[in-house]
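>>> Could you look at this predicted model? Sequence included:
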Amino acid sequence: MLRWLPESVSTFSGDIDALIRLIYYTVGAWFVLTFAVILIFLVRYRYRPGRRAVYLPGNTLAQSAWVLVPGLVVLLLDIGIDIYGERVWEAVKLHQPPAAVQVRVTGKQFAWEVLYPGPDGRFGTADDRQLNGELHVPVHQVVHVTLGAEDVIHSFFLPHLRLKQDALPGRQLTVWFEATVPGTYPLVCAELCGTGHTGMFGRLIVHTPEDYQAWVKAQWPSS
Amino acid sequence: MSETSGPQAAHAVHPAPQGFVRRYLFSTDHKVIAKQYLAIALFWAVVGGLSAFLIRWQLAWPGEPVIGSGLLPEAFWDGDSWLAQSLQYGSIPAEFYNKLFTMHGTIMVFFVAMPLLLGALGNFLIPLMVGARDMAFPRLNMLSVWTLAVASVILLISFFVPGGAAASGWTAYPPLSAVPELSEVNWGQNLWLIAVALEFASFLMGGINFLTTTVNLRAPGLSLFRLPIMVWFQCIAAVLFMLSVGPLIAGAVMLLLDRLAGTSFFIPSGGGEPLLWQHLFWFFGHPEVYVIMIPGMAAALEILPVFSRKPLFGYRLIVYATFAAGFLSFIVWAHHMFQSGMDPRLAMPFSITTILISVPFALMVFAMIATLWGGVIRFPTPMLFALGVLGVFIMGGLSGIFNGSAPADIYIHDTYFVVAHFHYTLFAATFFGGFAAIYYWFPKMFGRMLNDTLGKIHFWWTFIAFNATFLPMHLVGLGGMMRRIANPLNYDFLQPLQPLNVWISISAFVLMLGQLVFVVNFFWSLVAGRRAEANPWQANTLEWSTASPPPHHNFDTIPTVYRGPYEYSPPGVAEDWLPQHRPLVGGPAATA
């Protein structure tokens, strides 16, 4: 089942996949166990003439233990998943390592606008450069993406990096990632945003360091 | 009349009204009202199913003309009829696709699941199960079903107004839903809001009746912990609904004002806050899924002991677990919003409460399995569907852990994994639970038996086709396919998933086709089914102590209750069942 996940190409995508794998094996074991028990019961206790059912209301603590103990196991596994998950959530959404590259991405019906601050590193200056639907980043560098939206809610989704964050009108949110494999990956909108929602996508281009320098040179030739 | 005092005395027996209008249309009889809810639910199920058909057609063969559209002449598609405007020469444009999934969700949750599981089951069963002559407020009951009828008409009209039906998803997130220019839908969304708000009002009135009837009109001896689980769960659902719906009714009014009166509650350019709607919606939305879930589970919990000939294992434990689940459902809503832009520090607390909710539901599932242990199990159609609820719900509960974990949800959120998950839970409740209930209580409702062979064909067809449809949908979601996109072929990285999409769609069509077996069985049995005796399943609860169908006044004599509802195969009794209302004369069990 997990081989359906797309290639994993960011520093935290492996952690998210590992969490999905942990949950998958945990619930998979429960699935096999409960269905095996149910099937065994259904076959073993099927109707046969002359047999009388056991009178077992399960209203004493000793009897309830048959469901309370497995319930306790569920609780412990839940806590385990939560503890593991807390670390991953913290790494992806709470703690942002310092940025090497900063960019602003704005969703609008029905495109992603990508704004680079240019060589001066500041937005709102003359050397800002806007690209339509193309996010160029260097590999192995921390990228901060400040998300906004012009009209409705969009959702910034990089499936191969396992990163998703809604972009809200009237608000700026910053997410981060560090890509680990050069290549071109889809950047899509994951929140219904209107009639053109299905056509709202762009590309993430992860460059090798040399390619990235070349790309920067091409964009800002004067600097 | 045997009773002379107590609240039942107020409900004196009076004859059924004779005219057609008073008897079948504007009836105050809870049994007729239940059938009206059932009719509304079945009507909308057809519309919801048709929209699902078109959705799946588009996802398998995007842009291809819908099968059969070629039969209509070119001139028809050149015309300006509603159909010709909605489908462009038979194929589904993105604008119409957005309407389809918006209305599919709205219809299935608010106009199929609730009317079926609360309206029909709650209305029919609560008075019969508590031994009352009718609901506490019969006229309010009539008003509630007619409010739903008005809401249904408004929702239906919304398809045909200029601009068409709502297209901002069943969750109607603003600003998309708040500004007509952004969604290109004008009155469709207004009518959607009005219809949904009226639906809420309808079920609020219904819930008041459920609670008042259960609290005040129980038969002598029927203490709270002798109530059937169905009555408990209907009341818990009514409380959850009442406590959660208020904020959303306010939200719906605010959204309507944003659209019509120029306010900006949810529009940031005017100083509003779009996330406020999401909080209001999901504060209601999460309890709401349990409002649907719980009565569906109750149908299974009623049926499992009957066909296992065993007491329900851990009756009180199940009631307490459901209290716990109901309470927790009020503090999990933000798990729908992990990636929404709310403060990310809130995610883990909500993730913990969400995953915690697996405990009460796991206890319920374990209690169901324990009920089977040591039983004498038969497999007529109601039992098959009840086991279907159990199996499908386990699957849905387990896949929920992925969504509930905030970091896993970063990837899974708004993909088909979520769609697969909530079909495993809500389809389990609505259709497996609903069908289990219909097959089981049809004899009581209509006085005839449904055909068991057709029922079994219907079950296996549904069970296999359901899993063939929704199991692979998890994989499509893991592959990254987003919800609510009209054309997966637009995306290079989704191309490899397309064979799965075709498989899912074909399975979904097979699933829908299988429902014809039920339709045939339903209408054929209604006129020609075998006549049902009062208690065809040898069940203990009070509804089986009166005739099938029950008389207008339900019980010739209000029964007295001596024990709990699930005394199957009790020691000291020759038969393997002991109805709630049967006094024991002599014998060792008389004092038990």
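Okay, I see it. Residues are numbered from 1 along each chain as shown, chains lettered A, B, ... in the order given.
>>> Wait, A:Met128 touches A:Pro119, no?
Wrong residue type there; residue A:128 is Asp, not Met. No - A:Asp128 lies out of contact with A:Pro119 (CB atoms under 8 Å); the separation is 10.5 Å. Backbone N, C-alpha and C define where each C-beta goes, glycine included.
>>> Please identify which residue in chain A comes closest to chain B.
A:Gly170 (2.6 Å; CB to the nearest CB).
>>> thinking that residue is in contact with B:Ser269, fair?
Yes - A:Gly170 lies in contact with B:Ser269 (CB under 8 Å); the separation is 7.1 Å.
>>> Contacts only, for the residue of chain A closest to chain B.
With contact set as CB atoms under 8 Å, 6 or more residues apart in numbering or on different chains, A:Gly170 has these partners: B:268-269, B:272-274.
>>> same question, A:Leu135
A:103, A:105, A:112, A:114, A:145, A:187, A:202-205.
>>> can those go into a markdown table with extra columns for distance to B:Ala574?
Rendered in a markdown table, the data for the contacts of A:Leu135 read as follows (distance: CB to CB, whole Å):
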| residue | distance to B:Ala574 |
| --- | --- |
| A:Val103 | 80 |
| A:Val105 | 76 |
| A:Trp112 | 75 |
| A:Val114 | 80 |
| A:Val145 | 75 |
| A:Leu187 | 72 |
| A:Gly202 | 75 |
| A:Arg203 | 77 |
| A:Leu204 | 74 |
| A:Ile205 | 80 |
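>>> Tell me which of those residues fall in strands.
Applying DSSP state E to those, the entries found in strands are A:103, A:105, A:112, A:114, A:145, A:187, A:202-205.
>>> now those residues: which count as buried?
Buried members of these, counted by 16 or more other CB atoms under 10 Å in any protein chain shown: A:103, A:105, A:112, A:114, A:145, A:187, A:202-205.
>>> Can you tell me which residues in the stretch 151-300 of chain B are near chain A?
Within the stretch 151-300 of chain B, the positions near chain A by CB under 8 Å from any CB of the partner chain are B:167-169, B:173, B:175-176, B:182-184, B:268-269, B:272-275.
>>> isn't A:Phe41 right up against B:Met368?
No - under the criterion of CB under 8 Å, A:Phe41 makes no contact with B:Met368, lying 10.5 Å away.
>>> need the contact list for the residue of chain A most remote from its centre.
Computed with CA atoms, centre = their mean, the residue of chain A farthest from its C-alpha average is A:Gly50, at 56.9 Å. By CB under 8 Å, 6+ apart, the contact set of A:Gly50 is empty.
>>> Confirm it sits in a strand?
No - using DSSP: H, G, I helix; E, B strand; the rest coil, the secondary structure at A:Gly50 is coil, not a strand.
>>> measure it to B:Gly375 for me?
Note on A:Gly50: its distance to B:Gly375, by CB to CB, to the nearest Å, is 15 Å.
>>> One more: A:Pro57?
13 Å.
>>> before we move on, what about A:Ala167?
To B:Gly375, A:Ala167 is 55 Å away according to CB to CB.
>>> for B:Ala298, same thing?
19 Å.
>>> Farthest pair within the contacts of A:Gly170?
Greatest spatial distance in the contacts of A:Gly170: B:Ser269 and B:Glu273, 11.7 Å, computed using CB to CB.
>>> neighbour count winner among those two?
Taking other CB atoms under 10 Å in any protein chain shown, B:Ser269 and B:Glu273 do not tie; B:Glu273 has more neighbours (17 against 12).
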